[in-house]
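Peer 1: Show me the folded form of this:
(one chain, ligands or ions: 1)
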Amino acid sequence: MTHYSRDRSPASMLTAALMACVSILATAGHSADITVAVRVSNAWIRWLPADLPAAGYATLRNLGDRRATLVGASTPDYGVTMFHESRNRRGVDQMVPIESVLIDPHSQVSFAPEGLHIMLMQPRRTIQPGDHVLLTLHFADGQSLPVQFEVRRSDGTAIKRAPDASGG
Ligand SMILES: [Cu+2]
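Peer 2: This is a model prediction of the structure:
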């Protein structure tokens, strides 16, 4: 059965954006300095069929004056979440675990195919293109940032295409 998800309304995207803002503002009252001023864009998850692990990608921009240190990510939708970097050594593709990702002030870091990615394994529900997955990014100073990731096929499209005759 082909299932079309139509929940990607501007309202739900606005909600996600507001949630991201709220998490920053919520901690602002407790401390004079806001150490995490990271804005996330183009957050998506490359979905692969069967039980192949998915990978999360996004661009993180540090709008603040202090370095942000990303130390982890968590989500209720996957059992295992970790940072990896894909590297090619002498023609062999490898994925290297990354402990933390530094984002210098007024600069950005991109998680992207062939490079940094958030490895997602052991899904706890059926996840398919068109879905959204809430990932919370954790920073070294204890602050966290919830981000909605859009699940897309490996070619970057979000919606399952209707099956056609050009199989195999
Ligand atoms: Cu990986």
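Peer 1: neighbours around Pro113, how many?
Peer 2: Neighbours of Pro113 under the rule other CB atoms under 10 Å: 12. All C-beta atoms are positioned from the backbone trio N, CA, C, and that covers glycine.
Peer 1: name the element whichever residue of the chain sits closest to the ion belongs to?
Peer 2: Nearest to the ion in the chain, going by CB to the ion, is His84, at a distance of 3.2 Å. Assessed by DSSP states H and E, His84 sits inside strand 78-89.
Peer 1: How far off centre is that strand?
Peer 2: 12 Å (CA atoms, centre = their mean, to the nearest Å).
Peer 1: Remind me what it packs against, helices and strands.
Peer 2: On a contact count with 3 or more CB pairs under 8 Å, 6 or more residues apart in numbering; DSSP states H and E, strand 78-89 meets strand 68-74, strand 92-97, strand 116-123.
Peer 1: hang on, the residue of the chain closest to the ion packs against Val101?
Peer 2: No: look at His84 against Val101 with CB atoms under 8 Å: they stay out of range, at 11.0 Å.
Peer 1: Spit out the residues that contact the two alike.
Peer 2: Residues within reach of His84 and of Val101 at once, by CB atoms under 8 Å, 6 or more residues apart in numbering, are Leu116.
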